[in-house]
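**Student:** I'd like to go over a predicted model; first the sequence, then the structure.
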Number of protein chains: 2
Amino acid sequence: MGGTFAALRPLGRSRLYEDVAHRLSQFVRESAMAPGDRFPPERDLSQQLSVSRTSVRQALVVLQAQGFVEVRHGEGAFLRRTRGFGESLPKLLERRRRLPEVLEAREALEVKLAELAAARRSAGDLLAMRGALRVMEREIRTGALGVAGDADFHHAIAVAARNKVLSHLIDEMALAIQESRVESLSEPGRPPRSLKAHERILAGIEARSPARAAQAMRAHLKEVADVALLRWQPTDGSDGDTEE
Amino acid sequence: MGGTFAALRPLGRSRLYEDVAHRLSQFVRESAMAPGDRFPPERDLSQQLSVSRTSVRQALVVLQAQGFVEVRHGEGAFLRRTRGFGESLPKLLERRRRLPEVLEAREALEVKLAELAAARRSAGDLLAMRGALRVMEREIRTGALGVAGDADFHHAIAVAARNKVLSHLIDEMALAIQESRVESLSEPGRPPRSLKAHERILAGIEARSPARAAQAMRAHLKEVADVALLRWQPTDGSDGDTEE
DNA sequence: TGTTGTCAATGGTAGGACCACTCGTCCTCT
DNA sequence: AGAGGACGAGTGGTCCTACCATTGACAACA
């Protein structure tokens, strides 16, 4: 195939509204806007950036969905918060190298979820968890990795924790976590031990012991992290981010 | 003023693209779409929903920014994940009554941040934290609550933790946390004790002791939660959500 | 058989028209 | 002079239409 030429890489054009959003984030910084301040009118932005109003609006719609701006009909668009303006989690997670950070965040959330689940779980929640483990067990017995049962189990815990905010946060990282899950369970001999770990977590939740459940979850994720990190550390070194 | 009539409440019209996004989430559920499946073309959706293509596109842009769909030029829009489809954290947090959930999520994240900060903080990070506490101390001395210094301190910890994913998650909740911060510091006698708690956290981070830092943060947030919850519990009872 | 050109399907952007909401201004009536 | 209301400019919300850009499939061709 010969050499790979950097100049001939895919060229992946970004969407215009993303560029606009990026420009707006620059504007926020450079003009030292503070929360509550108003943005220039859409028509002005459209003209100054030489793009259609449509594109400006799409950018604003995104920024609003992310909670960075608030658009009020008849009044204008206002800055809500400055920190991390324009950065979205999906974008952040798509850039690889994030593995260690994802695992740390996952631990923070899932340990708490397990703790809460132990305190609040209903009988139905336990049923869901047991069902998930049975699925995982059957998967493993038939030679599969057990990713489906694994995912179901953790999700059942999230449900049992009765906290939509935490559930939402873990869902936001779902794709990235799924990757690390597959990664981890692909390690020879890992699935059965993972199943055992899950059973210990379940035991803690079943016994309504937040401390035990949390501890078991922490230990479980610690193992996952160790397996995953061994694979990714060597490739690492610099961060890979494109800072300005 | 007489009685309040539910039928005459502000009428707050939602934006059309939000309705469209909501319809799409219904569609995802009812048609039992699975990740990877393709949505109908924009033009079709536009016609079937009797809205302009513009509105459909805005909805898709939002869903894409939230990581629920992936739109590929020339191919179509594809479902990425199903869980929590269409729900956004800002929307979730705007609906009040979320206080307890926010505090639980905050604890999960900040305890981990403190732990990581203790392991990774640089000398500069310590400077930032001390600076924040000095600001808070001066605020209190001049009769203010110390919210600015408080916020700065926690942010300095997030920076020192060197984890952009966790930082991003905490930033997403920044507004809601700020509310609880004000709430908490408004309690008579609270600011000075909060300052003391911060100093204990700083001591743990300074000593590079993740365990102590985490424990101090946990204790601090426990106090915050106790103060806040006493005020909100009475009003509580049902969840306040509008489930279908 | 493999290569290439073509075309239909689909998303991306532009521009203009018009509607809806907000707020300040100015006029009118008392 | 003050209160109330009419009006209009500014700004976001939606629609429509045309056209560009990318992709994938299929047919035509060598």
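**Tutor:** Looks like it came in fine. Residues are numbered from 1 along each chain as shown, chains lettered A, B, ... in the order given.
**Student:** Which residue lies nearest the spatial centre of chain A?
**Tutor:** With distances taken as CA atoms, centre = their mean, A:M173 lies nearest the centre of chain A, 2.0 Å away.
**Student:** For stretch A:60-78, measure first residue to last.
**Tutor:** End-to-end span of stretch A:60-78 (CA to CA, to the nearest Å): 10 Å.
**Student:** Pull out the buried positions in that stretch.
**Tutor:** A:60-71, A:77 (16 or more other CB atoms under 10 Å in any protein chain shown). To be clear about C-beta, it is placed using only N, CA and C from the backbone, and glycine gets the same treatment.
**Student:** From those residues, pick the one nearest chain B.
**Tutor:** A:G67 (3.7 Å; CB to the nearest CB).
**Student:** you'd agree the residue nearest to the centre of chain A is up against B:H168?
**Tutor:** No - assessed by CB atoms under 8 Å, A:M173 is found out of contact with B:H168, at 10.2 Å.
**Student:** low pLDDT regions in chain A?
**Tutor:** A:1-12, A:96-97, A:228-244 (pLDDT under 70).
**Student:** Around DNA strand C, pick out the residues from it.
**Tutor:** Proximity of chain A to DNA strand C, by CB under 7 Å from any atom of the strand, involves residues A:15-17, A:50-55, A:58, A:72-75.
**Student:** Which secondary structure state does the spatially closest residue to A:R80 that is not a sequence neighbour sit in?
**Tutor:** With CB to CB, 6 or more residues apart in numbering or on different chains as the criterion, A:R80 has its nearest non-adjacent residue at 5.2 Å, and that residue is A:E70. Put simply, A:E70 is strand when judged by DSSP: H, G, I helix; E, B strand; the rest coil.
**Student:** quick one, what contacts A:E70?
**Tutor:** By CB atoms under 8 Å, 6 or more residues apart in numbering or on different chains, the residues touching A:E70 are A:64, A:77-78, A:80.
**Student:** so of these, which ones are in helices?
**Tutor:** Within the contacts of A:E70, residues falling in helices by DSSP state H are A:Q64.
**Student:** DNA strand D next: which of the contacts of A:E70 are close?
**Tutor:** Counting by CB under 7 Å from any atom of the strand, A:A77 from these sit close to DNA strand D.
**Student:** Filter the contacts of A:E70 down to just the ones in strands.
**Tutor:** Using DSSP state E, the members of the contacts of A:E70 that fall in strands are A:77-78.
**Student:** rewinding a little: now, which of the residues of chain A next to DNA strand C lie within strands?
**Tutor:** Per DSSP E, the residues of chain A next to DNA strand C map to strands at A:R72.
**Student:** Going by distance to chain B, which of the residues of chain A next to DNA strand C wins?
**Tutor:** For these, the residue nearest chain B by CB to the nearest CB is A:Q58; the value is 5.1 Å.
**Student:** check contacts around the nearest residue to the closest one once chain neighbours are set aside.
**Tutor:** In space, and not counting its chain neighbours, A:Q58 is closest to A:Y17: 3.7 Å by CB to CB, 6+ apart. Contacts for A:Y17 (CB under 8 Å, 6+ apart) come out as A:55-56, A:58-59, A:62, B:61.
**Student:** With A:H22 instead?
**Tutor:** A:H22 makes contact with A:G86 under the criterion CB under 8 Å, 6+ apart.
**Student:** For it, give its distance to A:S88.
**Tutor:** Look at A:H22 and A:S88: by CB to CB, to the nearest Å, they are 11 Å apart.
**Student:** ok, back up a step: ok, the contacts of A:Y17 vs A:I201, which is closest?
**Tutor:** A:V62 (37.7 Å; CB to CB).
**Student:** For the nearest residue to that closest one once chain neighbours are set aside, give me its contacts.
**Tutor:** In this structure, A:V62 finds its nearest non-sequential neighbour in B:A65, 4.5 Å apart by CB to CB, 6+ apart. B:A65 sits next to A:62, A:65-66, A:88, A:90 when contact means CB under 8 Å, 6+ apart.
**Student:** Quickly note the distance from B:A65 to A:E172.
**Tutor:** 12 Å.
**Student:** who touches both of these two?
**Tutor:** In contact with both B:A65 and A:E172: A:P90, using CB under 8 Å, 6+ apart.
**Student:** How about the helix or strand A:L93 falls within and chain B, any contact?
**Tutor:** Assigned by DSSP states H and E, A:L93 belongs to helix A:89-94. Yes - residues of helix A:89-94 contacting chain B under CB under 8 Å from any CB of the partner chain: A:89-90, A:92-93.
**Student:** If you count neighbours, what's buried in the helix or strand following that helix?
**Tutor:** Counting by DSSP H and E, the next helix or strand C-terminal to helix A:89-94 is helix A:99-120. Using 16+ other CB under 10 Å as the test for burial, helix A:99-120 gives A:99-118.
**Student:** if we can go back for a sec, how about the residue nearest to A:R80: which residues does it bridge to?
**Tutor:** Counting by DSSP bridges, A:E70 forms beta bridges with A:F78.
**Student:** what touches both of A:M173 and B:H168?
**Tutor:** Listed contacts common to A:M173 and B:H168 are A:L89; contacts here mean CB under 8 Å, 6+ apart.
**Student:** Might you enumerate the residues of chain A proximal to DNA strand D?
**Tutor:** A:13, A:39, A:41-43, A:53-54, A:57, A:60, A:71-77.
**Student:** Between which two of those is the distance greatest?
**Tutor:** Greatest spatial distance among the residues of chain A next to DNA strand D (CB to CB): A:R13 and A:G74, at 34.9 Å.
**Student:** Centre of the chain to the host helix or strand of A:Q47, how far?
**Tutor:** Using DSSP H and E, A:Q47 sits in helix A:42-49. Averaging C-alpha positions (CA atoms, centre = their mean, to the nearest Å) puts helix A:42-49 33 Å from its chain's average.
**Student:** Understood, closing this out.
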